[in-house]
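> Sequence first, predicted coordinates after that:
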Amino acid sequence: MATKYFGTDGIRGRVGQHPITADFMLKLGWAAGIVLTRHAEGKKRVLIGKDTRVSGYMFESALEAGLIAAGVDVDMLGPMPTPAVAYLTRAFRASAGIVISASHNPVCDNGIKFFAADGCKLPDHVELEIEALIDQPIVTNGTDHLGKARRISDATGRYIEFCKATLPTGLNLRGLRVALDCAHGATYNAAPKVFKELGASTITMGNEPNGFNINDQCGSTHMAPLQATVLAEKADLGVALDGDGDRVLMVDENGVIVDGDELIYMIAQYRHASAEGCNGVAGTQMSNLGLELALAKLGIPFARTKVGDRYVVEALKANNWSLGGEASGHVLCGGHSTTGDGIVAALQVILAVIESGKTLSQLKSGISKFPQTMINVRLPRKVDISGNAVINKAVADSEKKLEGRGRVLLRPSGTEALIRVMVEGEDPVLVNQLVEGMAKIVEQQVG
């Protein structure tokens, strides 16, 4: 059964447009409070964190009111990275965690992400339970059964210590020059302190949020300023986080961008050569074929999932693996985090740099990415194309032309009426020809 409000990663949209409104958030807080604490033993307790968007104040208050009406105690964390909320939900033994954020989106958007008591994203059936209650009238508890709210003052410090503890005891970053871009987002406070306390010489940017400048020409969606800083400051590497801190991209010493697939490869390669080992990696449908082939050379199994880090987590659990993620920079380091964590992932890459004595550019030399092109085909309505014979034949014909050294992927958007058409292969000219041809066929068939 398809969800009505939940997309690939929670609920997200334009502020002021349904469902990203104050009245909806009140209802959502009430419904989520009932569902997420239904089986709670003892106190019903939910944490709320947010990024630095000005609209976060409004939605924080609305969610708080809804949760309290449902009889749930609320711990307010303030501006806090998404992975910090996941960690603190476990550390505080809370019933659930909520993050108010639209991640890498512009400030005009906002959204809600949920974590269960174990710090993992909600499964589909729980999202459906919440949606079913949203359509019901709010029933406010009587005075004796209302929740309470409090603010947690030491949340950032707890998360900083958690991040530092993901490196081996005694290891420090002294002598390493790091350029750090916090995207004026939720990591603006924690990330600089993590790197400073570990001993790195840090050039920090994007750490002065004003409610409106999150992701604005900075962070992992706008890498040029960080690239320029790495070169100008002669930094060893650059770290770019997104607005809520669950993604990271990096820049090597030559000013070249290092994406999520390359970061995953570097961590896997390091672990494979160490006593820890790497018994498998989970990626998504969008992971570059070059990553799969590079891991195969090392003898490391690779599995693909649907797009979304919660599906990567499910694959890691099913296979008892500890590393996975997406090219966008969601990198999951099992054993440390239950969701994408930009700071933790960057530290794991830096660990490989320090222990190997190599630079980022040298570490990523073992992976050769295939050209990958995607076209979004907008449709008048959402359409299921899985059974379309013409489209399926076109996909088969295109893959035949790629001769086993490429892929064709048609992926419906989870939130919009569009089909993402992606082609990947060794020859960029052929890739462009095939993706344009496939996009035209999809448009002709369902447009």
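That came through fine. Just so it is clear, the structure is predicted and the values come from calculations on it, not from any experiment. Numbering: from 1, shown residues only.
> any idea which element Pro192 lies in?
helix 190-197 (DSSP states H and E).
> residues in contact with that helix?
Residues outside helix 190-197 that contact it (Cβ atoms under 8 Å, 6 or more residues apart in numbering) are 81, 84, 156, 159-160, 163-164, 173, 178, 180, 182, 202, 204, 207, 239, 241, 245, 342-343, 347. Every C-beta, even on glycine, is put in place using the N, C-alpha and C of the backbone.
> Going through the residues you listed, which ones are buried?
Neighbour-count burial (16 or more other Cβ atoms under 10 Å) is assigned, among the contacts of helix 190-197, to 81, 84, 156, 159-160, 163-164, 173, 178, 180, 182, 202, 204, 207, 239, 241, 245, 342-343, 347.
> And this protein, split by domain according to the record?
For the chain, automatic domain parsing gives the domain ranges 11-153, 159-366, 372-446.
> Dump those domains to CSV, plus mean pLDDT.
As requested, those are exported to CSV (pLDDT from 0 to 100):
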stretch, mean pLDDT
domain 11-153, 96
domain 159-366, 96
domain 372-446, 91
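> Phi, psi for Met422 please.
phi -120, psi 130 (degrees, to the nearest 10).
> ok, it touching Thr373?
Yes - the pair Met422 / Thr373 is scored as a contact, 7.1 Å apart, by Cβ atoms under 8 Å.
> Residues that sit against both of the two, list them.
Common contacts of Met422 and Thr373 (Cβ under 8 Å, 6+ apart): Val435.
> Relative to Leu249, how far out is Gln269?
To Leu249, Gln269 is 18 Å away according to Cβ to Cβ, to the nearest Å.
> So Ser61, which state does it fall into?
Under DSSP: H, G, I helix; E, B strand; the rest coil, Ser61 falls in the helix class.
> next one: Arg411
strand.
> Any figure for the gap between it and Thr284?
In terms of Cβ to Cβ, Arg411 sits 10 Å off from Thr284.
> Next: Gly325.
Distance from Gly325 to Thr284, by Cβ to Cβ: 8 Å.
> Looking at these two, which one has more neighbours?
Neighbour comparison, Gly325 and Thr284: the larger count goes to Gly325, with 28 against 23 (by other Cβ atoms under 10 Å).
> Okay, strands next: where are they in the stretch 51-200 of the chain?
73-79, 96-100, 109-116, 149-151, 177-181 (DSSP state E, counting those that start in this stretch).
> can I get those in a markdown table with distance to Glu426?
A markdown table is the format used below for these (distance: least, Cβ to Cβ, whole Å):
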| stretch | distance to Glu426 |
| --- | --- |
| strand 73-79 | 44 |
| strand 96-100 | 40 |
| strand 109-116 | 37 |
| strand 149-151 | 55 |
| strand 177-181 | 33 |
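> what's the burial count for Pro168?
Counted with other Cβ under 10 Å, residues neighbouring Pro168 total 9.
> neighbour count winner among Gln269 and Leu249?
Leu249 (28 against 22).
> Any figure for the gap between that one and Ile134?
From Leu249 to Ile134 the distance is 35 Å (Cβ to Cβ).
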